[in-house]
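Novice: Need a 3D model of the sequence below.
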Amino acid sequence: MGEEIREVLTKLSETLGISEKDVKKHLGRSIRLMKYRGLEYAVFRRELLGYREGTVILLGEEPLIVHGYPSIQRLAFIEGVKKHMIDKVVVEEKMNGYNVRTIYYEGEVYAITRGGYICPYTTSRIRKLYGKNIEFINKEYGNYVLVGEVVGTENPYVIYDYPEARGFDYFVFDIMDGDRLLPLKIKKEISEKYSIKTVRELAIIDKDDISTLKQVINKLEKEKREGVVLKDPEHRVPPLKYTTIYINIKDIEEGMKHPFDEGRSYLFSRIIRLIAQGYEYNWNDDELNRIALKLGKAILEPAIKSLKKRAEGKIIASSYVLVFPSKQDLEEFIEFMEALGVDFITKIIEERKEEVIVELMKLKETHGIYSKMLETGYSPLD
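Specialist: Okay, here's the model as predicted:
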């Protein structure tokens with residue numbers, strides 16, 4: 001056993017309070033070792049030893065546990081908020097991006113994805129935007145973890161164009177101290193003091209005020225926004241989330257561009273949400289016909305377009321435009337994607353003095369399945 005891995009095992013054993021033998025038993029399956037620049041870290045790939053999936057142990061001089069962010073229960077019916085909440089409810093906007101925890105550790109800011117990986121791209125962009133702000137927060141408050149949503153069109157995960165974040169930005173929605181979600185007033189205090197952007201607070205209501213809550217959601221529907229997260233101001237009970245009809249159909253449309261990848265997982269869950277919405281809002285025949293037409297087009301149109309694209313000999317892939325602060329950041333991101341086993345192609349579009357603009361194409365399973373369908377004429381499913 002190499003000296004480096006022995007040191008990692010010892011650190012994990014001491015941090016978790018279990019034997020090195022037990023640590024070794026979990027390595028590879030439940031705990032994955034990763035490295036970003038000089039920092040070794042361990043990723044919990046599933047719930048284990050009382051820690052949530054996505055928990056990370058940063059293995060520097062003094063190891064630090066960054067707890068996974070808890071999953072948020074989805075409301076089927078808006079009325080359900082009355083059964084769950086205690087009294088007051090803070091209604092925050094749910095933004096359409098990807099969940100990122102940021103931590104200042106041993107002199108650097110790190111951006112950790114929901115799954116528990118330090119993403120080199122996200123880290124480099126957040127360091128450039130908010131690195132000093134996060135450092136100052138750490139100096140005053142200690143190892144608080146900012147939890148937020150990265151949104152915009154310049155990222156390798158979820159592309160959605162927000163007027164307030166057309167390229168890349170980070171909006172904090174919670175702050176964690178260890179495993180604990182802090183009261184929302186602390187988030188407000190820190191964000192105002194250190195110029196950190198937060199998701200929009202849309203209303204503070206009594207839990208029985210369903211009429212106002214529906215008005216907020218209907219406004220978001222008209223604005224083509226994603227939805228809401230409903231929180232107790234002190235986090236005495238877990239948050240809830242609810243998405244708009246618009247985004248449920250939009251997600252299906254996006255997923256069905258690659259029906260044998262995202263399409264299958266996107267489809268049924270979002271149809272269930274629409275069923276609940278149709279029931280709760282008591283759609284009449286005209287509303288049902290309008291939404292059914294949108295749903296049908298969202299399922300069929302992008303999938304047919306992708307099949308035509310493949311028939312014309314084009315690649316079926318997700319395409320992203322990324323802006324890297326340096327070539328080193330680009331190289332580190334490529335290594336990261338390779339370590340995760342992602343099948344991708346990158347092409348440098350433009351090099352500027354302080355930026356490298358790159359097109360990233362993630363190849364899809366749909367590409368090969370469509371190729372076989374076109375070649376054989378057979379259906380890939382019974």
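Novice: so residue 34 touches residue 57, yeah?
Specialist: No: the pair residue 34 and residue 57 does not pass the contact test of C-beta atoms under 8 Å, sitting 10.6 Å apart. (Each C-beta comes from the backbone N, C-alpha and C, glycine too.)
Novice: who's more crowded, the two?
Specialist: Neighbours were tallied for residue 34 and for residue 57 using other C-beta atoms under 10 Å; the higher tally belongs to residue 57 (22 against 17).
Novice: Might you report the residue contacts of the closest residue to that one other than its chain neighbours?
Specialist: Computed as C-beta to C-beta, 6 or more residues apart in numbering, the closest residue to residue 57 that is not its neighbour in sequence is residue 42, at 4.4 Å. Under the criterion of C-beta atoms under 8 Å, 6 or more residues apart in numbering, the contact list for residue 42 reads 8, 12, 31, 32, 33, 34, 56, 57, 59.
Novice: Residue 41 is in contact with the third one, correct?
Specialist: No: under the contact definition of C-beta under 8 Å, residue 31 does not touch residue 41, with a separation of 10.5 Å.
Novice: Find the residue at the geometric middle of the protein.
Specialist: By C-alpha atoms, centre = their mean, the chain has its centre lying nearest to residue 98, at 2.4 Å.
Novice: What values do phi and psi take at it?
Specialist: Dihedral pair for residue 98: phi -130, psi 140, per degrees, to the nearest 10.
Novice: Now do the contacts for it.
Specialist: Contacts of residue 98 were listed using C-beta under 8 Å, 6+ apart, and they are 113, 114, 149, 150, 155, 157, 158.
Novice: Kindly report the same for residue 337.
Specialist: 156, 344.
Novice: what about 10 Å?
Specialist: Under the criterion of C-beta atoms under 10 Å, 6 or more residues apart in numbering, the neighbours of residue 337 are 119, 120, 121, 156, 343, 344, 346, 360, 362.
Novice: Make JSON lines from these and add distance to residue 22 and pLDDT to it.
Specialist: Conversion of these to JSON lines gives the following (distance: C-beta to C-beta, whole Å; pLDDT from 0 to 100):
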{"residue": "119", "distance to residue 22": "29", "pLDDT": "98"}
{"residue": "120", "distance to residue 22": "31", "pLDDT": "98"}
{"residue": "121", "distance to residue 22": "34", "pLDDT": "98"}
{"residue": "156", "distance to residue 22": "35", "pLDDT": "96"}
{"residue": "343", "distance to residue 22": "34", "pLDDT": "93"}
{"residue": "344", "distance to residue 22": "36", "pLDDT": "95"}
{"residue": "346", "distance to residue 22": "40", "pLDDT": "95"}
{"residue": "360", "distance to residue 22": "39", "pLDDT": "97"}
{"residue": "362", "distance to residue 22": "36", "pLDDT": "96"}
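Novice: Residue 155 - how many residues pack around it?
Specialist: If you count neighbours by other C-beta under 10 Å, residue 155 ends up with 25.
Novice: Please enumerate the shared neighbours of residue 34 and residue 57.
Specialist: For the pair residue 34 and residue 57, residues contacting each of them under the criterion C-beta under 10 Å, 6+ apart are 40, 41, 42, 43, 116.
Novice: before we move on, back to that, which neighbours do residue 31 and residue 41 share?
Specialist: Common neighbours of residue 31 and residue 41 (C-beta under 10 Å, 6+ apart) are 57, 116.
Novice: re earlier: not counting residues beside it along the chain, what's closest to the residue nearest to the centre of the chain?
Specialist: Ranked by C-beta to C-beta, 6+ apart and with sequence neighbours excluded, the top spatial neighbour of residue 98 is residue 157, at 4.4 Å.
Novice: Name the secondary structure element that contains residue 43.
Specialist: Assigning secondary structure by DSSP states H and E places residue 43 in strand 39-44.
Novice: buried ones in that strand?
Specialist: Burial within strand 39-44, assessed by neighbour count using 16 or more other C-beta atoms under 10 Å, is assigned to 40, 41, 42, 43, 44.
Novice: between those, which is closest to residue 163?
Specialist: Distance to residue 163 across these (C-beta to C-beta) is lowest for residue 43, with 34.5 Å.
Novice: ok, now which ones touch that closest one?
Specialist: Under the criterion of C-beta under 10 Å, 6+ apart, the contact partners of residue 43 comprise 30-34, 53-57, 68, 112-113, 115-118.
Novice: contacting residues for the residue lying closest to it once chain neighbours are set aside?
Specialist: Of all residues beyond its chain neighbours, the one nearest residue 43 is residue 116 (4.0 Å), with distances taken as C-beta to C-beta, 6+ apart. The contact partners of residue 116, by C-beta under 10 Å, 6+ apart, come to 31-32, 34, 41-45, 52-57, 66, 68-69, 101.
Novice: Tell me the pLDDT of residue 116.
Specialist: At residue 116, the model reports a pLDDT of 98.
Novice: Could you look up the SS state of it?
Specialist: coil (DSSP: H, G, I helix; E, B strand; the rest coil).
Novice: Please tell me how far it sits from residue 20.
Specialist: Here residue 116 is placed at a distance of 21 Å from residue 20 (C-beta to C-beta, to the nearest Å).
Novice: ok, now residue 147?
Specialist: Counting by C-beta to C-beta, the gap from residue 147 to residue 20 is 32 Å.
Novice: between those two, who's got more neighbours?
Specialist: Of the pair residue 147 and residue 20, residue 147 is the one with more neighbours under other C-beta under 10 Å, namely 20 against 14.
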